[in-house]
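> attaching a predicted model along with its sequence, questions to come.
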Amino acid sequence: METLYDDTDDERQEKRGCFECCIKCLGGVPYASLVATILCFCGVALFCGCGHVALTGTLTILENHFSKISADHAMLTDIVQLMQYVIYGIASFFFLYGIILLAEGFYTTSAVKELHSEFKTTVCGRCISGMFVFLTYILGIAWLGVFGFSAVPVFLFYNMWSTCAAMRSPTANLTSIDSICVDVRQYGIIPWNATPGKACGSTLSDICNTSEFYLSYHLYIVACAGAGATVIALIHYLMILSANWAYLKDASHLHAYQDIKMKEERELQDIQSRSKECLNSYS
């Protein structure tokens, strides 16, 4: 019976040890950086994936309905392809950058939580944290521009959709539907000599009913939302990095204070031991 009680006590101690280990591991997870990383990955994925497909659909709409001659939209095709390659680069860069910032969050969390252990922050670590703060600030400003730019196609597609909705409305008092047109040449998308360059009446209504228009319109909305989510994630990252940099700075000062205190205590102990030796020798 005594051995049974001993076994259960050992099992309880093992369970407590595993539980404490799990709590310690969970306490070292940078949850703020983890949330920002997930939000950043989701935003960039939505922007890049939806933007890539929406650009392809927009080019199809222009080629089929607004610019029948390939020479008129050749430059636009090159620009769309270039933007798609840029999207590939943005997705790859932010995938790596998000992982690096998450790793930096683990590093700073460990640095703050282990102030009283042998773990010490270095000048290089603090410089890297400051560099990430500056780089994230620049990327946040850049993504604000991307967010504003991604709202432009949403506005253009919304104008076409609202025009088609007005023509289909039974309360609309329209004398001639063919007089209602949408001219994409005025937006600078295609040159002024492109033919036909505009769509009117039933032709415009048919364009709005195509799957390319419906899909591209909603994908642009999702891409714009993804860009906004990325901006929020970068602002979240900026706050986290600034706080972590301040924590590392305080941790370095605390370590310096502890080192000075330990040296003074050792010197005091040496003085006391020497004084005792002198007293013993005199006695």
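That came through fine.
> and the strands in the stretch 101-250 of the chain?
Using DSSP state E, counting those that start in this stretch, the strands of the stretch 101-250 of the chain run over 181-183, 198-200.
> identify all contacting residues around the first one.
Yep, that's strand 181-183 we're talking about. With contacts defined as C-beta atoms under 8 Å, 6 or more residues apart in numbering, strand 181-183 is touched by 159-160, 163, 197-201, 204. The C-beta positions use only the backbone N, C-alpha and C, and glycine is treated the same way.
> now list the buried members of those.
160, 163, 197-200, 204 (16 or more other C-beta atoms under 10 Å).
> export the contacts of strand 181-183 to TSV and tack on distance to I189?
As requested, the contacts of strand 181-183 are exported to TSV (distance: C-beta to C-beta, whole Å):
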residue	distance to I189
N159	13
M160	12
T163	16
G197	10
K198	12
A199	13
C200	17
G201	21
L204	16
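> for the stretch 101-250 of the chain, give me the ranges with low pLDDT.
Residues of the stretch 101-250 of the chain that meet the criterion pLDDT under 70 lie in 109-126, 170-176, 248-250.
> can you show me the helices along it?
Ranges of helices in the stretch 101-250 of the chain, per DSSP state H, counting those that start in this stretch, are 123-168, 201-208, 211-282.
> make CSV out of the ones you listed and add distance to A54.
Formatted as CSV, these follow (distance: least, C-beta to C-beta, whole Å):
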stretch, distance to A54
helix 123-168, 7
helix 201-208, 16
helix 211-282, 4
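> to G57, which of those helices lies closest?
helix 211-282 (3.6 Å; C-beta to C-beta).
> before we move on, back to that, looking at the buried ones among the contacts of strand 181-183, which two lie furthest apart in space?
It's T163 and G197 that sit farthest apart of these, by C-beta to C-beta, at 15.8 Å.
> how many neighbours does the residue nearest to G197 when sequence neighbours are not counted have?
Closest residue to G197 apart from its sequence neighbours, by C-beta to C-beta, 6 or more residues apart in numbering: R185 at 4.5 Å. When counting by other C-beta atoms under 10 Å, one arrives at 18 neighbours for R185.
> repeat that for the one 3 residues further on.
The criterion is other C-beta under 10 Å. On that basis, G188 has 9 neighbouring residues.
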